[in-house]
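>>> what follows is a predicted protein model with its sequence.
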Amino acid sequence: MPIPDSGTFRFTPAGLADAFDSSRTFEGACRKLQNLVFDPSNPELVVARPGVDGAITDFSTSGLTTPGFISVQITIGTRIYGMVATGLTAGKDQPFCYDISTGSFVTVTGSTAGNAEGRPTSPVTTGAWTPPTVAMIGTFLIITHPGYTGSGSNFFGVINLSTLAYTTANLASNPLPAVPNAVANLGNRAYFAVTNKVYYSDVLAPTTASTAGMSLTLGDNSPVVALSGLPVQTTSAGVVSALLAFKGTQIWQITGDAAITGSLALNYLSLNIGSLCPRSIAPSPLGTFFAGPDSAYVVNPFGAVMPVTGEMQGAGAQPHLRQPFGYVTIPSRVAGAFAGNIYRLCIPTIVDGAAGIYDYWFDTRRLRWNGPHTFNYDCVSSAGNYFVLSGQASGAKLFQSNPFPTTTTVYTDNGASYICDLVSADLPKHDEMAMKQVVESTIELSSTGAANVYGITAFDDKGNYLASTSVTTNQAGGIWGANTWGDGTKWQGRINQPFTYRISWSIPLVFNKLAVEVTCPAAAGISIGTFFARAQKTGYTI
């Protein structure tokens, strides 16, 4: 028998937003997509985030003495280079090199117990810090690190990639006046950030500045906190390279080269938007992403500084995610990178009054955020189409983190299982004031192989609990080892095709506005699709 004076409404998860009510944001806005990512093939589904397990390498097998916190890493070709705290000399970092193709560490010479003064003091693992940086110039890796003392040649580190020999240096002929905060490559020169200036080296000679005055002063006395490259689109449709220099509230762009008369140029891109989060800066095909004062931003190839939004239409567009950026507690600990089509950030911040560390992903195909995810890290870099992660909480290990599920994906994080949790924003308002009640609703869910149990909970617009229940999906195909040969069992591949299930509420849901939560353990067959409900008007208001 049909329910009188009723209508149906739907919710299909589409992305993460700060909004409690989805009426003025986008359809399918969620308050939480924890450990859920967008299904690359099915735009109406979210699936379990791939696990971060099976470490690329555990430093306990490196031959290094009691390895500890990995303070910086970079992937070049098939090798990962970086700095790690070790017991070779207590309280000191030393360089490392790991070859992904051979699955083994490669010895970096020149770092011995006898030359402890040539290695930087290990940085603090919590609280504010100046993050180390690494840049490749010719056949050299240049390393900046807050642990270098600035005495003698102890200003920055150098790894000769031809010999894998490590030394420390300062610029010859015209030395740096202080230990640099950051280094980057532009035109095969090393550019060093020192206070409010950027000093540059000779071409392909990152340890030499042969001419006096090889520096640029950037605006006011506030320090340059980060440097990053940017491909620039010119009016003639050509692409040239540039260097972005970030201050707390400014962004400057360096183009050209001192060897070409009149070409070296310094221009400001913004004098009121910058970044205090040096590790949030990540180049991508869309431009250079970074964490700004109130949202994520991108410097596009035309040099425009724009907030990251679902439309990417410019300064007037409304960011969907602002709260985590506005309440960052330790800006220098924010870590970000770009791989595949994902820009991701691990942010120490306050969300809905709860302080924590939250990992958010921005999908540049969907132009939507998901998260927060529950594997935290201090350092992240890209290696092809996946991420390399490391963190103080995970020990001396490097992890591979894939942005998309594959046939070999595992669903544990460093050996621990995790939960997927979807919480919708309040479903959009309709043109009535009456309270509503629901007894009939359905949801699209999937599983492959064994049945999965999804918990489903309903809340009103005050966050009050209304009711909860569960849906157990059907077993899809046979489970290996659970059949008798010849019994007719059919095997089924891992295809996340959802089916519609009825939700059996124990009581009617009575509300003015409704939000739903769906939880389940992460697994290969997990996916969540559209929720439908038939709502009847009660005839009374609140």
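Arrived safely.

>>> where does the residue nearest the centre of the chain land in three-state SS?
With distances taken as CA atoms, centre = their mean, the residue of the chain nearest its centroid is Arg344 (1.7 Å). With DSSP: H, G, I helix; E, B strand; the rest coil as the basis, Arg344 sits in strand.

>>> right, and it touches Tyr386 too?
No: with contacts counted by CB atoms under 8 Å, Arg344 stays clear of Tyr386, the gap being 11.3 Å. All C-beta atoms are positioned from the backbone trio N, CA, C, and that covers glycine.

>>> which neighbours do these two share?
Taking CB atoms under 8 Å, 6 or more residues apart in numbering as the criterion, Arg344 and Tyr386 both touch Pro403.

>>> returning to that earlier point: beta partners of the residue nearest to the centre of the chain?
Beta-bridge pairing of Arg344 under DSSP bridges involves Ala337, Trp361.

>>> so who does it touch?
By CB under 8 Å, 6+ apart, the neighbours of Arg344 are Gly336, Ala337, Phe338, Asp359, Tyr360, Trp361, Phe362, Val380, Phe387, Pro403.

>>> change it to 10 Å
282, 289, 335-338, 359-363, 369-371, 373, 377, 380, 382, 387, 389, 401, 403 (CB atoms under 10 Å, 6 or more residues apart in numbering).

>>> do Glu117 as well
By CB under 10 Å, 6+ apart, Glu117 lies in contact with Thr89, Lys92, Thr149, Ser151, Gly152, Ser153, Asn154, Thr168.

>>> can you classify it by secondary structure?
Classification of Glu117 by three-state DSSP places it in helix.

>>> roughly how far does it sit from Gly415?
Distance of Glu117 to Gly415, given as CB to CB, to the nearest Å: 39 Å.

>>> now swap in Ser173 and tell me
For Ser173 relative to Gly415 (CB to CB), the value is 52 Å.

>>> also Ala169?
41 Å.

>>> quick one, which of those two is more surrounded?
More crowded of Ala169 and Gly415, by other CB atoms under 10 Å: Ala169, with 20 against 10.

>>> any idea how many residues pack against the closest residue to that one other than its chain neighbours?
Setting aside the residues directly before and after it, Ala169 is nearest to Thr207 in space (CB to CB, 6 or more residues apart in numbering), at 4.6 Å. Neighbourhood size, Thr207 [other CB under 10 Å]: 21.

>>> I figured Thr207 hits Asn174, correct?
No: Thr207 is beyond contact range of Asn174, at 11.5 Å (criterion: CB atoms under 10 Å).

>>> now the common contact residues for those two.
Ser201.

>>> next secondary structure after the worst-scoring helix or strand of the chain on mean pLDDT?
Within the chain, no helix or strand scores below strand 226-233, which has a mean of 77 by mean pLDDT, DSSP states H and E. As assigned by DSSP states H and E, the chain's next helix or strand after strand 226-233 is strand 239-246.

>>> and the nearest residue to Phe246 once chain neighbours are set aside, how far from Leu345?
Nearest residue to Phe246, sequence neighbours excluded (CB to CB, 6+ apart): Ala226, at 4.3 Å. In this view, Ala226 and Leu345 are 14 Å apart by CB to CB.

>>> more neighbours, these two?
Per other CB under 10 Å, whichever of Ala226 and Leu345 has more neighbours is Leu345, with 29 against 24.
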